[in-house]
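1. take a look and give me a structure for this.
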Amino acid sequence: MALTRRQKEVMEFLSTFVDHNGYSPSYEEIAAGLGLASLATVHKHIQALEAKQYLRRSYNHSRSLEVGERYEKEEKARRPAVAGQAIPLLGRIAAGAPVEAIANRDVLNFSDFAGHENTFALEVRGESMIEDHICSGDYVLVEKVDSVRNGEIVVALVDGTEATLKPIFVDPAKLQIQGRLLAVMRKY
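-> Sure, this is the predicted structure:
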């Protein structure tokens, strides 16, 4: 089901508010932000958007609205690639025995990584990550997060001053997660 004009405005307001503030708006803030006089109207739009799976909410919690994956995917697909952020992806190449060359018309879009304010880059110094094919001089793209899952490569701050790409066993009180690895870029 397509969104109505007003539902799209609600989703845009909600998404912008969460990106800017880090938490969802109250119904009163949505009404004020969209010039609506009634909280019942806001509630009606929220219910419709939840039914269409454009957002999620937790019951009996204030500020519990979350932008749904469906909305995020549709917005990502709708955004045009900015010049310089996309390059042609012409196919695959073997890193060993030759394979048949088949032309492929696709695009590698760097806005998937660079289009987010929580993404940053670091230049790697040292060889401690060589086993993970990350070399000194490489650039790593990192998503700023506070927590990670087992097995993810992270950027961590030890003792509040020393940053490392390869977490070591330290007292958890001395460790602060700065982000998780998204991609490695290397220039030759």
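2. rest of the way, CA atoms for contacts and neighbours
-> Will do.
3. I'd say residue 66 and residue 55 touch.
-> Yes: Residue 66 is within contact range of residue 55, at 5.5 Å (criterion: CA atoms under 8 Å).
4. who has more neighbours out of the two?
-> residue 55 (22 against 18; other CA atoms under 10 Å).
5. for that one, list each beta-bridge partner.
-> residue 67 (DSSP bridges).
6. now do the contacts for it.
-> 46, 49, 65-69, 71 (CA atoms under 8 Å, 6 or more residues apart in numbering).
7. state the distance from it to residue 6.
-> 15 Å (CA to CA, to the nearest Å).
8. equivalent analysis for residue 76, please.
-> 20 Å.
9. over to residue 174?
-> Counting by CA to CA - residue 174 and residue 6 are separated by 48 Å.
10. which SS class is the closest residue to residue 125 other than its chain neighbours?
-> Distances taken as CA to CA, 6 or more residues apart in numbering place residue 136 nearest to residue 125, at 4.6 Å, with adjacent residues excluded. Recorded secondary structure, residue 136: coil (DSSP: H, G, I helix; E, B strand; the rest coil).
11. isn't residue 136 up against residue 122?
-> No: under the criterion of CA under 8 Å, residue 136 is not in contact with residue 122, lying 11.1 Å apart.
12. who are the packing partners of the lengthiest helix in the chain?
-> Across the chain, the longest stretch assigned as helix under DSSP state H is helix 5-21. Other elements packing on helix 5-21 under the criterion 3 or more CA pairs under 8 Å, 6 or more residues apart in numbering; DSSP states H and E are helix 27-34, helix 39-51, strand 65-67.
13. if we use 10 Å, what do you get?
-> helix 27-34, helix 39-51, strand 55-57, strand 65-67, helix 69-78 (3 or more CA pairs under 10 Å, 6 or more residues apart in numbering; DSSP states H and E).
14. now render those as CSV, adding distance to residue 10 and mean pLDDT.
-> Rendered in CSV, the data for these read as follows (distance: least, CA to CA, whole Å; pLDDT from 0 to 100):
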stretch, distance to residue 10, mean pLDDT
helix 27-34, 7, 92
helix 39-51, 8, 92
strand 55-57, 11, 88
strand 65-67, 11, 88
helix 69-78, 12, 81
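15. turn the ones you listed into JSON lines, columns for distance to residue 154.
-> Below are those laid out as JSON lines (distance: least, CA to CA, whole Å):
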{"stretch": "helix 27-34", "distance to residue 154": "36"}
{"stretch": "helix 39-51", "distance to residue 154": "34"}
{"stretch": "strand 55-57", "distance to residue 154": "29"}
{"stretch": "strand 65-67", "distance to residue 154": "26"}
{"stretch": "helix 69-78", "distance to residue 154": "24"}
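16. who wins for proximity to residue 183 among those?
-> Within the helices and strands packed on helix 5-21, the stretch nearest residue 183 is helix 69-78; the backing value is 19.0 Å (CA to CA).
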